[in-house]
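Colleague: predicted coordinates and the sequence they were generated for:
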Amino acid sequence: MHDHGHHGHHHIPQDTSRIGWAFWLNFIFTIIEFIGGWLTNSVAIMADAVHDLGDSLSIGLAWYLGRVGHRQATEQYSYGYKRLSLLGALINGVILVIGSAWVLSEAIPRLLAPEMPGTEGMIALAILGIAVNGYAAFKLQGGGSLNEKVLNWHLLEDVLGWVAVLIVAIVLHFYHWPVLDPLLSVLFTLFILFNVLRYVVQTMKLFLQANPDSEQQRKMRDALFEVDHVKDIHHMHFWSLDGEHHVLTAHLVLSVDADAVLLKSLKEQVDGKLAPFSLAHTTIEFELPGEYCRDGNELYPDCDHDHDHDHDHDHDQQKRGR
């Protein structure tokens, strides 16, 4: 059996410091948004507040995982704590769906009976929103971690959202078109729901240990077939801890009996073939000709099946004795 793990060391203090800044900016501003949306009677600002609440949760989760997710594996949590991010993403998604449904319940009736919002307050909040989200995005711009890059895009989306609010607020200030406020709110909320539901589906697939990348799995299978004396591959399982750190296990069927020297050479070849894929954990087992598969309890397809019952029973006993 071949077990191999890569433990990437990110610059945790720098990451958590930058993400911490972005979290507190977003969280405090989200509270201001909800209060401002209520005071200005603007459902568009309420919709953006829900959007920012989702971003605050995402940033807070990334900040927490920056401190906890890199802890060493324990006997109970042998893969470490990286799957916490999937649980957090799912909780975040549920909160955003509930928040979006609430905003739609407020905004849709206003399409039929629009109410004029306080445009001065909307303009002030929009300018503040552009400044806060722009500064948070600037703080994360120099980050190299995946978390920072993803969050940076979220914050830039928020900046564009507040630009839209600012434009609508300026138009409403000069023209009495109150329907623009709930219309913008509905568009914002549908955009949030589309993205959230897409991420929730992806998260659920990873929770269920679905293949995170079919093309990468195909390339890894092809690479393993290039190892000397490998004639078949089965029980190949490719899954992800958190969408970023992947795990691979596989049984490689050999065409020749292998001694210790050959096995060592084959393991080195496997290392070389899988190195470009930057896997977090790999477990590769070599199966010799005529050997029963431990997981499948059967001989390989192109091995000799002409064995009587007693011989099969002996193999079972040997398998259990390993």
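Modeller: Yes, it's here.

Colleague: from N26, how far out is the closest residue to G20 other than its chain neighbours?
Modeller: Closest residue to G20 apart from its sequence neighbours, by C-beta to C-beta, 6 or more residues apart in numbering: W63 at 5.4 Å. (C-beta placed from N, C-alpha, C; glycine too.) W63 is 11 Å from N26, where distance means C-beta to C-beta, to the nearest Å.

Colleague: between those two, point out the one with more neighbours.
Modeller: N26 (27 against 22; other C-beta atoms under 10 Å).

Colleague: how far does the host helix or strand of the more buried one sit from its chain's centre?
Modeller: According to DSSP states H and E, N26 maps onto helix 12-40. For helix 12-40, the separation from the chain centroid amounts to 22 Å (computed by C-alpha atoms, centre = their mean, to the nearest Å).

Colleague: what average pLDDT does that helix get?
Modeller: When pLDDT is averaged over helix 12-40, the result is 78.

Colleague: quick one: R71 from S78, how far?
Modeller: 13 Å.

Colleague: now L263
Modeller: L263 is 25 Å from S78, by C-beta to C-beta.

Colleague: who has more neighbours, those two?
Modeller: Shown here are L263 and S78; by other C-beta under 10 Å, L263 has more neighbours (14 against 8).

Colleague: ok so Y77 is a helix residue?
Modeller: No: under DSSP: H, G, I helix; E, B strand; the rest coil, Y77 falls outside any helix and is assigned coil.

Colleague: now do the contacts for it.
Modeller: Residues in contact with Y77 (C-beta atoms under 8 Å, 6 or more residues apart in numbering): none are found.

Colleague: okay, it: pLDDT?
Modeller: At Y77, pLDDT is 80.

Colleague: re earlier: mind telling me what element the residue nearest to G20 is part of?
Modeller: Going by DSSP H and E, W63 is in helix 43-68.

Colleague: next, the buried residues of that helix.
Modeller: Going by neighbour count (16 or more other C-beta atoms under 10 Å), the buried part of helix 43-68 is 43-66.

Colleague: strand partners (parallel or antiparallel) of the particular helix or strand that has I233 in it?
Modeller: Taking DSSP H and E as the definition, I233 sits inside strand 230-240. Here strand 230-240 has these sheet partners by DSSP bridges: strand 246-254 (antiparallel).

Colleague: what lies in contact with the strand it pairs with?
Modeller: 79, 212-213, 216, 220, 224, 227, 229-241, 266, 270, 274, 277, 279-289, 293, 295, 300.

Colleague: send the alpha carbons of it over as PDB?
Modeller: Coordinates of each C-alpha in strand 246-254 appear next as PDB, following Å, rounded to 0.1, in the frame of the first residue of the first chain:
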ATOM      1  CA  HIS A 246      -8.600  16.400  -3.300                       C
ATOM      2  CA  VAL A 247      -8.200  12.800  -2.400                       C
ATOM      3  CA  LEU A 248      -7.500   9.800  -4.600                       C
ATOM      4  CA  THR A 249      -7.500   6.100  -3.900                       C
ATOM      5  CA  ALA A 250      -7.100   3.300  -6.500                       C
ATOM      6  CA  HIS A 251      -6.200  -0.400  -6.900                       C
ATOM      7  CA  LEU A 252      -3.600  -1.000  -9.700                       C
ATOM      8  CA  VAL A 253      -3.600  -4.600 -11.100                       C
ATOM      9  CA  LEU A 254      -0.100  -5.700 -12.100                       C
END
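
Colleague: identify the residues contacting the closest residue to G36 other than its chain neighbours.
Modeller: With C-beta to C-beta, 6+ apart as the criterion, G36 has its nearest non-adjacent residue at 4.6 Å, and that residue is L125. By C-beta under 8 Å, 6+ apart, the contact list for L125 reads I32, E33, G36, G37, T40, I45, V165.

Colleague: near the first one, how many other residues are there?
Modeller: Here the number of neighbours of I32 (other C-beta under 10 Å) works out to 16.

Colleague: how far away is it from D52?
Modeller: Applying C-beta to C-beta to I32 and D52 gives a distance of 10 Å.

Colleague: do the same with the fifth one
Modeller: T40 sits 16 Å away from D52, taking C-beta to C-beta as the criterion.

Colleague: my guess is V43 meets I108, correct?
Modeller: No: shown here, V43 and I108 do not form a contact pair, counting by C-beta atoms under 8 Å, at 9.5 Å.

Colleague: got any residues that touch both of these two?
Modeller: Joint contacts of V43 and I108 (C-beta under 8 Å, 6+ apart) are P182.

Colleague: what's the angle from the strand or helix carrying L274 to strand 230-240?
Modeller: Taking DSSP H and E as the definition, L274 sits inside helix 260-274. Angle of helix 260-274 versus strand 230-240, following axes from the mean of the first three to the mean of the last three C-alpha atoms, to 10 degrees, is 50 degrees.
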